[in-house]
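Engineer: what follows is a predicted structure for the sequence shown.
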Amino acid sequence: MRYHQSGNIPQKRHTIFKSLEDKFYYEQLFGTEGFHGISSLLYHIHRPTQIKSIGEAKDVTPKIAIDKNVTPRMFKGMNVTPEDDFMDSRKFLMVNNDLKMGLSKPRKSMDYFYKNAECDELLYAHSGSGILKTFVGNLEFSVGDYLIIPRGTIYQVELHSDDTVFFVVESHSPIYTPKRYRNEFGQLLEHSPFCERDIITPTFVGPKDEKGEFLIKVKKENQITDFIYATHPFDVVGWDGYFYPYKFNIKNFEPITGRIHQPPPIHQTFEAHNFVVCSFCARMYDYHPLAIPAPYNHSNIDSDEVLFYTEGDFMSRNHIDLMDFTLHPGGIVHGPHPGAMERSIGKKFTEEYAVMVDPFRPLKITEEALKVEDPSYKTSWLESEDHSLEDRSQE
C-alpha cells in the first residue's frame, strides 16, 4: 500500500485538533497487528466510542458437510439463492482456518452499517454496480472490480441494480499485493502485472455530523452482533496513512505470457497467510511453433485449487457456465477435459476471465455448497462420452 491523505488533518499527529468553531476533533488509530502493522489516523467530529446498546449475537458459522475432501467438485453458482439482505446473501461454499469463500447475491442496498472485526474482505463484482461507502470515503464499483476491505472498516453498500453478484473471500490475515512484485520500499516493480495507477483509493466525501441511533452490525468469531451508536460513523473530517479500502479491476491486470505455457503463479494478484488469489485474463497464447496452450496435467500436492469463472469461454474445461466454481483438491491430478488440449493447439488468443484461489491448507465443504453441486464433475475426465451422459442423466 502507499501513503494517502484526504480531508483535513493536523500538522502533527496526536496533538490538539479543533474545528473553526473551536470544538475538538477526536483521533482514532485504525490498523491491525497491534501497533506494528500498517495503519491510518482518522479524525472524527464525535467520539467514535459512544455505544448506546448491544443486541444479541447471531451465529453465522458455516455448517460443514464434508470435513475432509479429496474429490474434485463443481458448484453451480448460478443456483445460489439470492437474498434481500446484504449479509444474509453471503453464502460460504468452502472454508478452512485461513479463509472463507463463496457467493453473495444481494437484492437490496444496506440500510445499516457493517464492520468485519476479524477478517479482511475481498469482494469481486461478477455483475452489477454500486457504491462502497466507508468512513474514509466512497468507491464506485462495477463488473470486474476487486474491492479490498481491511478488517475494521465500517461500510455500507449501495446497489444500483438487484442483479449484483459478488465472489466473496474473508481472510483471517491481511490481504496484500504480492511481495515479489514490490521493492524494499513497497513500490510495485516494473515487471509487475499492474502498478499503483491501477489501484483506486476512496473518494473523500464530507463528514456526517449526525446524532441519533446508528446500527452497526459487527462480525467477530462467526457471530454478528448489533451495536447501536449515538453518532454517525461517517463523521470523519480527514485521515491519512496506509490502511484503507481500495479497488482494482481485473481488466487492468497485464498478463505475463511466454513461448510455452506459463504456470499459474504468473497470474497472482493478491496474497495472504496460507493462500493466494490469481486473475486469469484475456491474453495471447503461447507462441512457440509447437506450443500447447491448454494447461498441462498437474497435481498441487500442497494446495487446493479453486476457480471462479466470470467471463468468456474456458478452453480447458467442458460444460462450464459463468459463476461456476471448480475445486481440485491438493494431491489429486487434474488437467484439461478430454478434447480440450487438442482444441487449443493453434489458438492464438483467449478472452476468458476467472479468479483463482489457492489455499495451502485443505478446504472443508459446506452444506450450502452441496445444495448447488454438479455430481457429474468428478468423472468428467473420462474419455467415454456415454459414461458422461449417463452420469449427467442421474442428476
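Structural biologist: Looks like it came in fine. Computed from a prediction, not measured in an experiment: that's the story for all the values here.
Engineer: distance of residue 321 from residue 78?
Structural biologist: Here the distance between residue 321 and residue 78 works out to 6 Å (Cβ to Cβ, to the nearest Å). C-betas here are computed from N, CA, C, even on glycine.
Engineer: could you do residue 296 as well?
Structural biologist: As it turns out, when the distance is counted by Cβ to Cβ, residue 296 lies 29 Å from residue 78.
Engineer: just checking, which helix or strand of this protein averages the lowest pLDDT?
Structural biologist: For the chain, scoring each helix and strand by mean pLDDT, DSSP states H and E identifies helix 385-393 as the least confident one, at a mean of 44.
Engineer: what about the stretch 151-300 of the chain, any weak spots by pLDDT?
Structural biologist: Nowhere does the stretch 151-300 of the chain drop to pLDDT under 70.
Engineer: just the helices from it, written as ranges.
Structural biologist: Assignment of helices within the stretch 151-300 of the chain using DSSP state H, counting those that start in this stretch yields no ranges at all.
Engineer: so what's the residue nearest to the spatial centre of the chain closest to, chain neighbours aside?
Structural biologist: What sits nearest the mean C-alpha location of the chain, by Cα atoms, centre = their mean, is residue 122, with 2.2 Å. For residue 122, ignoring the flanking residues on the chain, the nearest one in space by Cβ to Cβ, 6 or more residues apart in numbering is residue 169 at 4.1 Å.
Engineer: strands of the stretch 101-250 of the chain, residue ranges please.
Structural biologist: Listed in chain order, the strands of the stretch 101-250 of the chain (DSSP state E, counting those that start in this stretch) span 113-116, 120-127, 130-134, 137-141, 145-149, 154-159, 165-171, 211-220, 223-231, 236-241, 246-249.
Engineer: out of these, flag the one nearest residue 273.
Structural biologist: For the strands of the stretch 101-250 of the chain, distance to residue 273 was read as Cβ to Cβ. The smallest value, 7.9 Å, belongs to strand 165-171.
Engineer: what's the offset of the closest one from the middle of its chain?
Structural biologist: Here the centre of mass of C-alpha atoms in strand 165-171, compared against the chain's by Cα atoms, centre = their mean, to the nearest Å, lies 4 Å away.
Engineer: how about that strand as PDB, C-alpha atoms only?
Structural biologist: C-alpha atoms of strand 165-171 as PDB (Å, rounded to 0.1, in the frame of the first residue of the first chain):
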ATOM      1  CA  VAL A 165     -23.300 -10.800  -7.700                       C
ATOM      2  CA  PHE A 166     -20.100 -10.900  -5.600                       C
ATOM      3  CA  PHE A 167     -17.500 -13.600  -5.300                       C
ATOM      4  CA  VAL A 168     -16.500 -13.200  -1.600                       C
ATOM      5  CA  VAL A 169     -13.400 -14.100   0.300                       C
ATOM      6  CA  GLU A 170     -13.000 -13.500   4.000                       C
ATOM      7  CA  SER A 171      -9.400 -13.700   5.100                       C
END
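Engineer: how much does it deviate in direction from strand 120-127?
Structural biologist: Angle between the axes of strand 165-171 and strand 120-127 is 170 degrees (criterion: axes from the mean of the first three to the mean of the last three Cα atoms, to 10 degrees).
Engineer: list the contacts for the residue nearest to residue 122?
Structural biologist: Neighbouring residues of residue 169 by Cβ atoms under 8 Å, 6 or more residues apart in numbering: 99, 100, 101, 121, 122, 124, 175, 277, 357.
Engineer: quick check: the fifth one touching residue 171?
Structural biologist: Yes. With contact defined as Cβ atoms under 8 Å, residue 122 counts as touching residue 171 (7.0 Å).
Engineer: need the residues touching each of the two.
Structural biologist: Counting by Cβ under 8 Å, 6+ apart, nothing touches both residue 122 and residue 171.
Engineer: mean confidence score for stretch 120-135?
Structural biologist: Across stretch 120-135, the average pLDDT comes to 97.
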